[in-house]
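K.L.:
next come a sequence and a model predicted from it.
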Amino acid sequence: MALAQSPIDLIKVDLKGGEEDIIPDLLAVSGIRILISFYYNQWKTKTLTRFKMQTPLREAIERNPFGTVIILDGSLLHVLTR
């Protein structure tokens, strides 16, 4: 992101289960909306309490294990349904 030639408005993350490895980094990003597709059922460790995330985001992931959310500054903005 530091090398971007213009402002970043949105980051899309779709790692087919690998998103669990970068969640702390994603939650730390500020000022940029992040669209994350979760494949929670494919995670190696299914304990969301290990991440410092707000309850609405954690509950959205638990309710939609193959869902997509938009976060901003670590907070849940919107849940996209399929």
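P.N.:
On my side now, so go ahead. On a predicted model such as this, the values are computed, not experimentally measured, just so you know. Residues are numbered from 1 along each chain as shown.
K.L.:
from here on, just use CA atoms for contacts and neighbour counts.
P.N.:
Noted.
K.L.:
all strands of the chain, in order?
P.N.:
Here the chain has its strands, by DSSP state E, at 10-14, 33-37, 68-72, 75-80.
K.L.:
Throw those into CSV and include mean neighbour count, mean pLDDT and distance to K46, thanks.
P.N.:
As requested, those are exported to CSV (neighbours: other Cα atoms under 10 Å; pLDDT from 0 to 100; distance: least, Cα to Cα, whole Å):
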stretch, mean neighbour count, mean pLDDT, distance to K46
strand 10-14, 14, 88, 18
strand 33-37, 21, 92, 16
strand 68-72, 20, 94, 17
strand 75-80, 16, 93, 19
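K.L.:
could I get those as TSV with distance to I22?
P.N.:
Shown next, in TSV, are the strands of the chain (distance: least, Cα to Cα, whole Å):
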stretch	distance to I22
strand 10-14	10
strand 33-37	11
strand 68-72	14
strand 75-80	16
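K.L.:
of all those, which one is nearest R50?
P.N.:
Closest to R50 of the strands of the chain is strand 75-80 (Cα to Cα; 16.4 Å).
K.L.:
can you give the distance of that closest one from its chain's centre?
P.N.:
In terms of Cα atoms, centre = their mean, to the nearest Å, the centre of strand 75-80 is found 9 Å from the chain centre.
K.L.:
and what of stretch 64-77?
P.N.:
That offset, for stretch 64-77, works out to 5 Å (Cα atoms, centre = their mean).
K.L.:
with only the CA atoms kept, save it in PDB.
P.N.:
What follows is stretch 64-77 as a C-alpha-only set of coordinates in PDB (Å, rounded to 0.1, in the frame of the first residue of the first chain):
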ATOM      1  CA  ASN A  64     -22.000 -16.600   7.400                       C
ATOM      2  CA  PRO A  65     -19.000 -19.000   7.300                       C
ATOM      3  CA  PHE A  66     -18.800 -18.500   3.500                       C
ATOM      4  CA  GLY A  67     -19.800 -14.800   3.600                       C
ATOM      5  CA  THR A  68     -18.400 -11.500   2.600                       C
ATOM      6  CA  VAL A  69     -18.200  -8.400   4.800                       C
ATOM      7  CA  ILE A  70     -17.000  -4.800   4.300                       C
ATOM      8  CA  ILE A  71     -15.000  -3.400   7.200                       C
ATOM      9  CA  LEU A  72     -13.500   0.100   7.800                       C
ATOM     10  CA  ASP A  73     -11.000   0.800  10.500                       C
ATOM     11  CA  GLY A  74     -11.600  -2.700  11.900                       C
ATOM     12  CA  SER A  75     -15.300  -2.200  12.300                       C
ATOM     13  CA  LEU A  76     -18.100  -4.000  10.400                       C
ATOM     14  CA  LEU A  77     -19.800  -1.800   7.800                       C
END
